[in-house]
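Asker: Take a look and give me a structure for this.
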Amino acid sequence: SEPVSFVLPPQNYPLYIRSIPTENELKFHYTVHTSLDVVDEKISAMGKALVDQRELYLGLLYPTEDYKVYGYVTNSKVKFVMVVDSSNTALRDNEIRSMFRKLHNSYTDIMCNPFYNPGDRIQSRAFDNMVNSMMMQVC
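Answerer: So this is what the prediction gives:
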């Protein structure tokens, strides 16, 4: 089981990628980019309802034979995508939702850092540590 987390701005280039083990990061680019189409469909389908919510857990975007891809979008249209092993049946929807919330809170901390330039790749040890510990729970 090899969980992967992506953080993508509205323009959809990766601000942050973390994979366990790290060698697998590249192989998930395609999976994540395919899931972004589903994210965009869900966002446009929700339309105005999205504006009224502070956050949006999109749930399971699509399952493949090997992986399940989950999505979450913030009100500023930043997307969080998580890929987990399909064989991990212990993971419940509310656990995934709370993982995304943690991710969102840590991302907000980064945005509040005056030295972070929005749109730059995220290079934060605190964010790394939070993501790594979260992913260790998933493994």
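Asker: Check which residues of the strand or helix carrying Ser106 are buried.
Answerer: Assessed by DSSP states H and E, Ser106 sits inside helix 93-111. Taking 16 or more other Cβ atoms under 10 Å as the basis for neighbour counts, the residues of helix 93-111 that come out buried are 96, 99-100, 103-104, 106-107, 110. Yep, even glycine has a C-beta here, placed from its N, CA and C like the rest.
Asker: Follow the chain on from the worst-scoring helix or strand of the chain on mean pLDDT and name the next helix or strand.
Answerer: Taking mean pLDDT, DSSP states H and E as the measure, the chain has helix 48-51 as its least confident helix or strand, at a mean of 60. The helix or strand immediately downstream of helix 48-51 is strand 55-63, counting by DSSP H and E.
Asker: what does the helix or strand following that following strand contact?
Answerer: Read in the C-terminal direction, the helix or strand following strand 55-63 is strand 67-74, with elements assigned using DSSP H and E. In this structure, residues lying in contact with strand 67-74 by Cβ atoms under 8 Å, 6 or more residues apart in numbering are 31-32, 35, 38-39, 42-43, 50, 55-63, 79-86, 88, 96-97, 100, 103-104, 107.
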